[in-house]
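# For reference, the sequence and a predicted model appear below.
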Amino acid sequence: MPQKRDLHPTFAKKRVLELECRYCLSFLCGRGMRAILLADTNIELYSTDLPPGDTIELVGSTYTTENCDCKIKDIACITCGNTVGYHVILPCRSCLQSCNNGHFWMFHSSSSAATERVDETGAQVLTWGDLNDTEDDVGMQFPFEECDR
């Protein structure tokens, strides 16, 4: 039987989003979540718990921001090359101690468009509490082995 994820109730109620690049409309991610930036709660973005397979690529140098000490690297759409977000390579202590969803792949809302993901019947919008562990998620568009570290 597929295993359910162990999530904080706040995150379990959030709707699962499919993300696409606003520049070229290419698929980016099938496990998105609407989120806010921990270091600046005025900034809305999307996040995911898995590297998005062969839809994005890490670009540029690793950097930090003035708001926290996380080590960050930008991500770009593999189809058009535009920067669509960033990956937190190494989270800082402050961010880890904050209430967070455990996602380290972030997509800028200005660069990504979101649509709600529905179940296999197409009748009901999925929430994160509905999702199984990643290896059992039939909505994923790439094999789990590609992400296994």
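Good, I have the coordinates.

# Can you name the helix or strand that Val88 falls in?
Here Val88 sits within strand 83-90, counting by DSSP states H and E.

# now that strand: how far from the chain's centre is it?
10 Å (CA atoms, centre = their mean, to the nearest Å).

# and that strand, which strands flank it?
Within its sheet, and counting by DSSP bridges, strand 83-90 is paired with strand 71-77 (antiparallel), strand 105-108 (antiparallel).

# Can you give the contact residues for the first one?
Applying CB atoms under 8 Å, 6 or more residues apart in numbering, the contact partners of strand 71-77 are 21, 23-24, 26, 28, 55-65, 82-90, 105, 107. Backbone N, C-alpha and C define where each C-beta goes, glycine included.

# Could you pick out the buried ones from these?
With burial judged by 16 or more other CB atoms under 10 Å, the buried subset of those is 21, 23, 28, 55-56, 84-88, 105, 107.

# Strands along the protein, start to end?
Assigned by DSSP state E, the strands in the chain fall at 17-21, 27-37, 40-48, 56-63, 71-77, 83-90, 105-108, 112-116.
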